[in-house]
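I'd like to go over a predicted model; first the sequence, then the structure.
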Protein chains: 2
Amino acid sequence: MQELVPDFLADFAEFSTFGERNGGLHRLTLTDEDRRARDRLAALAAARGWFARTDQVGNQFFFVAEPDERPVVMVGSHLDSQPDGGRFDGQVGVVTAFHAVAALEDRVRSGDYRYNLAVVNWTNEEGARFQPSVLGSSVHIGAVPLETAWGLRDTAGVVLKDELERIGYLGGDEVALPAAYVEVHVEQGPVLEDEGIDIGVVEGAWAALKLDLTIHGEQTHTGPTPMARRVDAMYAMAKVITAVHELGLADPDGRLHTTVGSLGTEPGSPNCTPSRVWAKVELRSDDIEKVRAARSALDEVLTDLAATTGARPEVTSESLRDVGRMWAPGTTLVEQVSAAAGLSSKRVKTIAGHDAVVMNNAVPTVLFFIPAHGGFTHNRHEFTSDSDLGNGLRAMVGVLDALPGLEELP
Amino acid sequence: MQELVPDFLADFAEFSTFGERNGGLHRLTLTDEDRRARDRLAALAAARGWFARTDQVGNQFFFVAEPDERPVVMVGSHLDSQPDGGRFDGQVGVVTAFHAVAALEDRVRSGDYRYNLAVVNWTNEEGARFQPSVLGSSVHIGAVPLETAWGLRDTAGVVLKDELERIGYLGGDEVALPAAYVEVHVEQGPVLEDEGIDIGVVEGAWAALKLDLTIHGEQTHTGPTPMARRVDAMYAMAKVITAVHELGLADPDGRLHTTVGSLGTEPGSPNCTPSRVWAKVELRSDDIEKVRAARSALDEVLTDLAATTGARPEVTSESLRDVGRMWAPGTTLVEQVSAAAGLSSKRVKTIAGHDAVVMNNAVPTVLFFIPAHGGFTHNRHEFTSDSDLGNGLRAMVGVLDALPGLEELP
């Protein structure tokens, strides 16, 4: 199996050139850079004689054998990146999937392997350009209607369906749910590296509560209006940001992560206090009670704003992803495969959302992590060593090899 | 003189239609809406046979008599507005100037009036679209080089000189400094209304320290990165905003106004903590020592950020407008004219910058205020009653009428 790694690393390096910026990736979904990465994946699959399918939300599927009644195991991740993101987030999963499936393609063709195998690249996992994130996989399992996805707009007002059409990825293929789904991803946190572990076996997912918050103030001149008469939405939002961040900092177990990641103001003139300030607030924990307590604490902060600043807070949308539990036989399988390959492993929970977390709601799903240097992620300094990349590929081949033996699968 | 008012109010109402939005004005400098207001002013002046001049930064001048060696008194303000701003800020000054000068035009033509009179509309007073504010008057007195003004870009990257050309206001006329400058403006604060005063006689200007602040953080995922490892520029900026606002709130005399009015983030993805957050900070007082003390307090906050958040603050530009003293004979004159007209008056200081504050650095300048309901400004709810507008016009005619008697003028 060792001989797989050099080709894999060469492909990985080539994919890192599509949308390269300052050593990282700036490859937002459905941009020209994304199209180039998609086109390259399609060319590599075509060269192996695989069968390409593109669905109506632009998810790309490449089947080793022509799709028929035979059950399918899908393997993949996403090729889109954050703005000024890293090379490893998502791309590792797609390129690993490609080479792991290639390693098994002869057995699939000969019928020696119980399933058809397919590599998948999901559309708009990142949610950077279009919200919500994990969009392609969510449409695939029916959790987000196709029409909703098509109508999404980016901040420039560009419509998702138009962009699918523009880059040539508005497909028409119907692709059924697979028998199982497998994904490898970089950890995006520091635990594996800190503890010297090769493989993170994902047994569950943190809950995530996401809120869109708008604070309404009174637009006025930044000069003459007396301080006591101002209804300053910026000041009010600053109090919210501080409180949200400090809720997470104060958690004694480090098991509550709280963030305000993006913020906008209106009218955005340097000489006006804003009429409106809006932001996205996230509260994450592996303990739903901690999320609930943080939400209550946030409510108190919002209630106090009226008294302390006069500003009026409005939660315009709120969505909860509850704590998740991955498919247990898959978790055990990754542990066994890792041990057999001489790789150390540890059970972990994913804090970030992933396509695998979505797929896990519909079909037996396996997700495992490889280390991320320093925990850097959504950042051009993301780094995973060639050695760890190779471990991920070996573990993936091992998991796919062993998967047909699990009795829980059809 | 009473008969002047109905025509003045009719013109004022018409100007309020150019860029009208939700009862306010959305007429950013050098936009098509601004062009329409400029065109209308030019048409009104042409109908009276006045002599139009446009300089290279788009300032419009309308001379009653053909410009020659005779000294000129200029009267004016600005027609541009804030985004979703009000109808009174600036526009009151231009339309009042037009009708006050019209009331005196026969005397100017006959030579019975010692000066030529000119109405002026200054380009980009607001500083909403292009920074700095009070641009046209600053170029006129030589405080900002023309080339600097031409090269300014708005947030969309559009160049000021190109916009001047596009709307037909890239002029080539050389216009000399006047002998004196007179402006009426709405107060933009609540003092006159609160105290039942008709005319605010501006004797001085508050100091204003304006800073561009950038905070550098580490871009990361809003989920997995442990709170203790984050370098969150949004959290750091929230601490700055809170501290800045509370510096002003804490001033026992209400003589320190402190604001963060606009803010931007990069990369602006909902799933990334920002790599950079930038904001504009303003510290204003009529006591330069209060400004200095606030600047020192801000420095302490910035120094503490490194320890409390890890983020790195950087002040990328800083400009101080010191406290100003208006031309004393003009101040006395406005008081005398108000009293003669049966209008109550009070000496005040301007907290906002105005073209008159700029002109006062170069020539004898008179600035007076009329009330602003509730102190609302930079807001579509700006309101000044017809009665107060009429008082402003009467006072302006009186000031222009009496101005030639002042011995300090050439």
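All right, it came through fine.

Can you show me the helices along the stretch 151-300 of chain A?
According to DSSP state H, counting those that start in this stretch, the stretch 151-300 of chain A carries its helices in the segments A:160-166, A:191-195, A:233-250, A:288-309.

nearest to B:Leu403, of the ones you listed?
Ranking these by proximity to B:Leu403 (C-beta to C-beta) places helix A:233-250 first, at 42.5 Å. In short, each C-beta sits where N, CA and C put it, glycine included.

Would you mind listing the buried residues in the closest one?
Judged by neighbour count (16 or more other C-beta atoms under 10 Å in any protein chain shown), helix A:233-250 contains these buried residues: A:233-245, A:247-248.

among these, which are within reach of chain B?
A:234-235, A:237-239, A:241-242, A:245, A:248 (C-beta under 8 Å from any C-beta of the partner chain).

So in terms of bridging, what pairs with the closest residue to A:Val244 other than its chain neighbours?
Closest residue to A:Val244 apart from its sequence neighbours, by C-beta to C-beta, 6 or more residues apart in numbering or on different chains: A:Thr258 at 4.9 Å. Beta-bridge pairing for A:Thr258 (DSSP bridges): A:Leu283.

quick one: A:Thr258 and A:Leu247 touch, right?
Yes - counting by C-beta atoms under 8 Å, A:Thr258 touches A:Leu247, with 4.8 Å between them.

what do the two both touch?
With contacts taken as C-beta atoms under 8 Å, 6 or more residues apart in numbering or on different chains, A:Thr258 and A:Leu247 have A:283, A:294 as neighbours in common.

for the spatially most central residue of chain A, phi and psi?
Nearest residue to the geometric centre of chain A (C-alpha atoms, centre = their mean): A:His354, 4.0 Å. A:His354 adopts backbone torsions of phi -140, psi 160, taken as degrees, to the nearest 10.

just checking, it touches A:Leu367?
Yes - the criterion here is C-beta under 8 Å, and A:His354 meets it with A:Leu367 at 6.3 Å.

Now the common contact residues for these two.
Applying C-beta under 8 Å, 6+ apart, one finds that A:His354 and A:Leu367 are jointly contacted by A:183, A:185.

can you tell if the one helix or strand A:Asp39 maps to touches chain B?
Under the criterion of DSSP states H and E, A:Asp39 resides in helix A:32-47. No - counting by C-beta under 8 Å from any C-beta, chain B is not contacted by helix A:32-47; separation bottoms out at 14.8 Å.

Check the average confidence over that helix, would you?
The average pLDDT for helix A:32-47 rounds to 98.

quick check, distance from that helix to the centre of its chain.
The chain centre lies 20 Å from the centre of helix A:32-47; the measure is C-alpha atoms, centre = their mean, to the nearest Å.

sorry, back to before: now for the residue nearest to A:Val244, how many residues are close by?
A:Thr258: 28 surrounding residues under other C-beta atoms under 10 Å in any protein chain shown.

can you check A:Ser269 too?
27.

Quick check: it touching B:His378?
Yes - in this structure, A:Ser269 is within contact of B:His378 by C-beta under 8 Å, at 7.4 Å.

what sits in contact with each of those two?
Common contacts of A:Ser269 and B:His378, defined by C-beta under 8 Å, 6+ apart, comprise B:Gln82.

Sketch out the low-pLDDT regions of the stretch 251-400 of chain A for me.
Counting by pLDDT under 70, the stretch 251-400 of chain A contains no low-confidence range.

ok, which residues in it are in contact with chain B?
Going by C-beta under 8 Å from any C-beta, the residues of the stretch 251-400 of chain A near chain B are A:251, A:254, A:256-263, A:265, A:267-275, A:280, A:282, A:284, A:350-353, A:375-380.

Give me the buried subset of these.
Neighbour counting over those (16+ other C-beta under 10 Å) leaves A:251, A:256-263, A:265, A:267, A:269-275, A:280, A:282, A:284, A:350-353, A:375-380 as the buried ones.

Can you list which of these are found in strands?
Counting by DSSP state E, these place A:256-263, A:265, A:272-273, A:280, A:282, A:284, A:350 in strands.

Out of those residues, which comes closest to A:Ile141?
A:Thr350 (17.3 Å).

Neighbours of the spatially closest residue to A:Asp32 that is not a sequence neighbour, how many?
Nearest non-adjacent residue to A:Asp32, counting by C-beta to C-beta, 6+ apart: A:Ile167, 6.9 Å away. A:Ile167 has 19 neighbours, counted by other C-beta under 10 Å.

can you give me phi and psi for A:Ile167?
Given degrees, to the nearest 10, the pair of backbone angles that A:Ile167 has is phi -90, psi 0.

who's in contact with it?
Shown in contact with A:Ile167 (C-beta under 8 Å, 6+ apart): A:30-32, A:34-35, A:38.

Read off the pLDDT value for it.
On the pLDDT scale, A:Ile167 gets 98.

do the same with A:Glu3
So A:Glu3 comes in at 76 (pLDDT).

Number of residues surrounding it?
For A:Glu3, using other C-beta under 10 Å, the count is 7.

try A:Val73
Neighbour count for A:Val73, taken as other C-beta under 10 Å: 26.

go on, the one 5 residues further on?
As a burial measure, A:His78 scores 29 neighbours (other C-beta under 10 Å).

can you give me the strands in the stretch 301-410 of chain A?
A:312-321, A:324-325, A:345-350, A:365-370 (DSSP state E, counting those that start in this stretch).

now, of those strands, which is deepest in the fold?
The highest mean neighbour count among the strands of the stretch 301-410 of chain A, using mean count of other C-beta atoms under 10 Å in any protein chain shown, belongs to strand A:365-370: a mean of 29.

What pairs with it, parallel or antiparallel?
Next to strand A:365-370 in the sheet, as set by DSSP bridges, lie strand A:180-186 (parallel), strand A:199-205 (antiparallel).

Rebuild those strands as CSV, extending it with mean neighbour count, distance to A:Glu289 and mean pLDDT.
Shown next, in CSV, are the strands paired with strand A:365-370 (neighbours: other C-beta atoms under 10 Å in any protein chain shown; distance: least, C-beta to C-beta, whole Å; pLDDT from 0 to 100):
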stretch, mean neighbour count, distance to A:Glu289, mean pLDDT
strand A:180-186, 29, 27, 98
strand A:199-205, 24, 15, 98
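
A:Leu409 is nearest to which of the ones you listed?
Nearest of the strands paired with strand A:365-370 to A:Leu409, taken as C-beta to C-beta: strand A:180-186 at 5.8 Å.

And the contacts of the closest one?
Outside strand A:180-186, the residues that reach it (C-beta under 8 Å, 6+ apart) are A:73-77, A:88-90, A:92-93, A:96-97, A:115, A:330, A:350, A:354-356, A:359-360, A:363-372, A:377, A:382, A:384, A:392, A:395-396, A:399-400, A:403, A:409.

Export the contacts of A:Ile167 to JSON lines and append columns for neighbour count.
Shown next, in JSON lines, are those (neighbours: other C-beta atoms under 10 Å in any protein chain shown):
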{"residue": "A:Leu30", "neighbour count": "25"}
{"residue": "A:Thr31", "neighbour count": "19"}
{"residue": "A:Asp32", "neighbour count": "12"}
{"residue": "A:Asp34", "neighbour count": "26"}
{"residue": "A:Arg35", "neighbour count": "17"}
{"residue": "A:Arg38", "neighbour count": "22"}
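
so what's the closest residue to A:Gly353 other than its chain neighbours up against?
Nearest residue to A:Gly353, sequence neighbours excluded (C-beta to C-beta, 6+ apart): A:Val134, at 5.4 Å. Neighbouring residues of A:Val134 by C-beta under 8 Å, 6+ apart: A:122, A:124-125, A:127, A:353-355, A:357-358.

next one: A:His354
A:77, A:125, A:134, A:183, A:185, A:367.

repeat that with 6 Å
Counting by C-beta atoms under 6 Å, 6 or more residues apart in numbering or on different chains, A:His354 touches A:His185.
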